[in-house]
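K.L.:
Predicted model follows, preceded by the sequence.
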Amino acid sequence: MNDFLLQIFFFVVIIPSAIIHEYMHGWVADQLGDPTARYSGRLTLNPKAHIDPVGTLLMPAALFILTGGRFLFAYAKPVPYNPYNLRDQKWGSAKVAAAGPLSNFFLAVVFGFVVRAIVLLDLVQFANIIPFLIIIVQANVLLGVFNLVPIPPLDGSKVLFSILPDSAWKLRVFLEKYGFILLIFFIFFLFDLLHPIILTLTNWCIGA
């Protein structure tokens, strides 16, 4: 299988995966009492409502070039929500934040199951699509794992802030102030730390 073709497919897959990720933030927020996403027309899977020219198109292309294809990431327009509308003020924000990565893990498991079924049932007529299915699994595992890194504005930071005691307010202020710088540093110098996790979860999904 042509590696370049698979890389292009990865780029194609990560965009709808990011859109589903954002949709689930809005859906969970709506279920927990905040209709902001629904009122702003974001509770839809229509790409037009979610595509961000920079985060969905330009950034992944730039990262692909700058990292030589080693790292590719995309994000859709963040779905707006008002945490003060959530019925669960203690954990509501964490639930909304976690919904995005969990949706990606769910997709990874579903497509991983399809790979397992093709192999176990020896469906040789579908063998050629296995590399593409694995790419879908990898893309969603990447989105799920990376978004759980506890650095703003990633979802993991919101989960972390819900767990931290009030006495850790200085850490929260520091992360919110320098989050973007820390995130760029992480992507270019520490991202390799996530590779074993991504590989392990991908292999688990596909039964490798």
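P.N.:
The structure has been received and is ready for your questions.
K.L.:
mind checking the SS state of the residue nearest to the spatial centre of the chain?
P.N.:
Most central in the chain under CA atoms, centre = their mean is residue 143, positioned 2.9 Å from the mean C-alpha point. For residue 143, the assignment made with DSSP: H, G, I helix; E, B strand; the rest coil gives helix.
K.L.:
residues in contact with residue 171?
P.N.:
residue 164 (CB atoms under 8 Å, 6 or more residues apart in numbering). For every residue, glycine as well, the C-beta is placed using N, CA and C.
K.L.:
Does the residue nearest to the centre of the chain touch residue 15 like I think?
P.N.:
No: in this structure, residue 143 is not within contact of residue 15 by CB atoms under 8 Å, at 10.6 Å.
K.L.:
Tell me the buried residues in the worst-scoring helix or strand of the chain on mean pLDDT?
P.N.:
Here the helix or strand of the chain ranked lowest by mean pLDDT, DSSP states H and E is helix 59-66, holding a mean of 76. For helix 59-66, burial by neighbour count (16 or more other CB atoms under 10 Å) applies to 59, 60, 63, 64.
K.L.:
Please report how far the second one lies from residue 154.
P.N.:
The reference is to residue 60. 16 Å (CB to CB, to the nearest Å).
K.L.:
for the first one, same thing?
P.N.:
Shown here: residue 59 relative to residue 154, a distance of 14 Å by CB to CB.
K.L.:
hmm, back to that, how about the residue nearest to the centre of the chain, what does it touch?
P.N.:
Contacts of residue 143 by CB under 8 Å, 6+ apart are 14, 17, 18, 21, 73, 101, 104.
K.L.:
Make JSON lines out of the residues you listed and add secondary structure, distance to residue 205 and neighbour count.
P.N.:
Supplementary listing: those in JSON lines, determined by DSSP: H, G, I helix; E, B strand; the rest coil; distance: CB to CB, whole Å; neighbours: other CB atoms under 10 Å:
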{"residue": "14", "secondary structure": "helix", "distance to residue 205": "16", "neighbour count": "25"}
{"residue": "17", "secondary structure": "helix", "distance to residue 205": "14", "neighbour count": "21"}
{"residue": "18", "secondary structure": "helix", "distance to residue 205": "18", "neighbour count": "27"}
{"residue": "21", "secondary structure": "helix", "distance to residue 205": "17", "neighbour count": "27"}
{"residue": "73", "secondary structure": "coil", "distance to residue 205": "19", "neighbour count": "19"}
{"residue": "101", "secondary structure": "helix", "distance to residue 205": "14", "neighbour count": "24"}
{"residue": "104", "secondary structure": "helix", "distance to residue 205": "11", "neighbour count": "25"}
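K.L.:
pLDDT check: weakest of these?
P.N.:
In terms of pLDDT, the lowest of the contacts of residue 143 is residue 73, showing 72.
K.L.:
quick one: contacts for that residue?
P.N.:
Residue 73 makes contact with 14, 59, 60, 63, 142, 143, 146, 187 under the criterion CB under 8 Å, 6+ apart.
K.L.:
For it, grab phi and psi.
P.N.:
Dihedral angles of residue 73 (phi, psi; degrees, to the nearest 10) stand at phi -150, psi 150.
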